[in-house]
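Visitor: My questions concern the predicted model and sequence given below.
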Amino acid sequence: MITSIHTLIYSDDPPATRAFLRDVIGWPFVEDPGAEPGWLIFGTGPSEMGVHPTHSVWEGETYDYPRHHAISLMCDDIEATRADLEAKGATFSAPVTDEGYGLVTTMDVPGADPFQLYQPRHQTAYGL
């Protein structure tokens, strides 16, 4: 039986990335006793997974993407969440924009690729 999903972030500066997830994002964590000190594993809360095509045509526009994975942090109020994260030291490399499917912005993550902060318009599945 599958009990959950485990995601991975490959970082150029794992201690900085872990500190950001712990101190700014505020995720609870356990420390892996079998690894080096400070090797944290985070509880990321409710989740959902979508599957997008690498090629599609929507409203007359053609979209092509390489096969990859992406991390988006979901919220109910993107402006309030962004302000809260900025107060804790987070930086954002993009303004909040309306992408049709929801409101999005891009949050910088120390040592790693950015996360999308996302206020969805679709019905969410993480409460199922």
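Guide: Ah, there it is. Numbering: from 1, shown residues only.

Visitor: Show the contacting residues for Glu48.
Guide: Met74, Thr124, Ala125, Tyr126 (Cβ atoms under 8 Å, 6 or more residues apart in numbering). No exception for glycine: its C-beta is placed from N, CA and C like everyone else's.

Visitor: Surely it forms part of a strand?
Guide: No. Counting by DSSP: H, G, I helix; E, B strand; the rest coil, Glu48 is not part of a strand but coil.

Visitor: how close does it sit to Pro114?
Guide: 20 Å (Cβ to Cβ, to the nearest Å).

Visitor: For Asp23, which three-state class applies?
Guide: helix.

Visitor: Grab the nearest non-local neighbour of it.
Guide: Lys88 (7.0 Å; Cβ to Cβ, 6 or more residues apart in numbering).

Visitor: which residues in the chain form strands?
Guide: Listed in chain order, the strands of the chain (DSSP state E) span 29-31, 40-42, 55-58, 61-64, 72-74, 97-98, 102-109, 112-120.

Visitor: Reformat those strands as a markdown table; add distance to Ala19.
Guide: Shown next, in a markdown table, are the strands of the chain (distance: least, Cβ to Cβ, whole Å):
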| stretch | distance to Ala19 |
| --- | --- |
| strand 29-31 | 11 |
| strand 40-42 | 9 |
| strand 55-58 | 38 |
| strand 61-64 | 36 |
| strand 72-74 | 17 |
| strand 97-98 | 28 |
| strand 102-109 | 11 |
| strand 112-120 | 12 |
